[in-house]
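Asks: I'd like to go over a predicted model; first the sequence, then the structure.
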Amino acid sequence: MEQVLLWYDGPQILLGSISRNRKIIAVAIADNNHEGQFLGAAVSDEQLLSYDEGKYDLRYLITQCFYGEWYSFLYEPDQDKICFYKINRDSALIIDSIPEAGLFSRSHDPITKLPVAIDYSTEKFSIDGHWQFAELSKFYNQVSDIYHIYNTIRRITEVMPNGNEERQIQSNFLRPFQGGGSYVGMFNSIANDNFDYAPLRFSGVKYNSPGWIEVKGRREQFGQTVALIDHFANFSQSIKTSYTELYSYLSKTNLLSADADVFIMDSVLSEIKQLTLQLCVNLPDIRFGDILKLSSDNYLVTAKVCLSICRRGERLASFFLQGRANYGDIDISTAAMLQD
């Protein structure tokens, strides 16, 4: 344990780590049959920071813990090693031990080992010309979709989630191709899954032209989103060529609407892989291997996800090509405007 946050006739609230990427916050179990035993919840850095800032209480933090993992363990102040035992979500131990509502971080000692603050930035897209409300919504949704793809890539390649979290991430990508969803549903699920990790937030709009749309999110992933828009605006022809080749091949082989588990001959899989690889070459920071991992090593799903990313990139770029949207780092050449 890293810190005893509350001491009252013994430790009552603890903060520690269960792995390199997981914090655990724990409360003493108020039961004579469990003396010295604690209930802990695995929380994300984002959640711990929000809790410390008073955005929610301890009951919410424990019940809504990001990793969906709860543990029981014995703790004595002088012990060298702690053994954590995972418990099920519906365990009576969780239900009986969660603190009452209203216990905020101000109720205990300040957290001394907070994670490094996440590098958020607030950014503005300038807008001009005539916009309908539905177009503003469409613009933001496309930005959100791309942003959360980049954020999910970071989570699965750099943060290294545990098995349960990785399966949850992958299920968001597989669901539309198992007869139970749509691309819109897929991107909504991805965004929801990032809510406690690093969401993109709509923070303001000035509707009258010239105006602006303001969003807040991770600086790195926002920068990647902007780079993708810029690439689609300036190099649309090479992307369209790769997109059309892959889309046409899936259409020719009757795989555009096929489920993820459909049988595919090795020769067809090989061609899908090569065409998807070629498409990814034209997409900044969208690496074939990363999307393949997110898609549970399914080549067909990987291809369809990459096609869906392209459609969103193209829609976003169209607003900039029309002169109705602008951002400082996006510079569209006249030559790009004259591409076929």
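Replies: Yep, that arrived. Numbering: from 1, shown residues only.

Asks: How far off centre is stretch 38-54?
Replies: Mean-position distance between stretch 38-54 and its chain equals 18 Å (CA atoms, centre = their mean, to the nearest Å).

Asks: Per-residue pLDDT of residue 37, please?
Replies: Listed pLDDT for residue 37 reads 91.

Asks: burial count for the residue lying closest to it once chain neighbours are set aside?
Replies: The spatially closest residue to residue 37, leaving aside those adjacent along the chain, is residue 29, at 4.8 Å (CB to CB, 6 or more residues apart in numbering). All C-beta atoms are positioned from the backbone trio N, CA, C, and that covers glycine. Residue 29: 17 surrounding residues under other CB atoms under 10 Å.

Asks: Ok, residue 57 next?
Replies: Neighbour tally, residue 57, other CB under 10 Å: 17.

Asks: And residue 208, by the same measure?
Replies: Neighbour count of residue 208, defined by other CB under 10 Å: 7.

Asks: Same check on residue 287?
Replies: 15.

Asks: quick one, what contacts the residue nearest to it when sequence neighbours are not counted?
Replies: Once flanking residues are discounted, residue 287 sits nearest to residue 280: 6.2 Å by CB to CB, 6+ apart. When contacts are counted by CB atoms under 8 Å, 6 or more residues apart in numbering, residue 280 touches 286-288, 291, 306.

Asks: In three-state terms, how would residue 280 be classified?
Replies: helix (DSSP: H, G, I helix; E, B strand; the rest coil).

Asks: Could you check how far it is from residue 134?
Replies: 31 Å (CB to CB, to the nearest Å).

Asks: lowest-pLDDT helix or strand in the chain?
Replies: Lowest on mean pLDDT, DSSP states H and E among the helices and strands of the chain sits helix 334-337, with a mean of 62.

Asks: now the end-to-end length of stretch 106-123.
Replies: 32 Å (CA to CA, to the nearest Å).

Asks: And for stretch 123-133?
Replies: Criterion CA to CA; first-to-last residue distance in stretch 123-133 is 20 Å.

Asks: What residues sit buried inside that stretch?
Replies: 123-125, 127, 131 (16 or more other CB atoms under 10 Å).

Asks: what's in contact with the strand or helix carrying residue 232?
Replies: Element membership for residue 232, per DSSP states H and E: helix 219-234. Helix 219-234 is contacted by residues 119-121, 123, 143, 146-147, 150-151, 154, 198, 200, 215, 239, 282-286, 313-314, 316-317, 320-321, 327, 329-333, 336 when judged by CB under 8 Å, 6+ apart.

Asks: What of stretch 173-190?
Replies: In contact with stretch 173-190 (CB under 8 Å, 6+ apart) are residues 144-145, 148-149, 152, 172, 258-261, 294-296, 298, 300-301, 304-305, 308.

Asks: same thing with stretch 311-328?
Replies: 123-131, 138-139, 142-143, 145-146, 226, 228-229, 231-233, 236, 239, 283, 330, 332, 336-337.

Asks: for the record, mean pLDDT for that stretch?
Replies: Averaging pLDDT along stretch 311-328 yields 92.

Asks: what's the distance between that stretch and the middle of its chain?
Replies: The answer for stretch 311-328 is 23 Å, by CA atoms, centre = their mean.

Asks: likewise stretch 319-338?
Replies: That offset, for stretch 319-338, works out to 28 Å (CA atoms, centre = their mean).

Asks: try stretch 231-247
Replies: The answer for stretch 231-247 is 26 Å, by CA atoms, centre = their mean.
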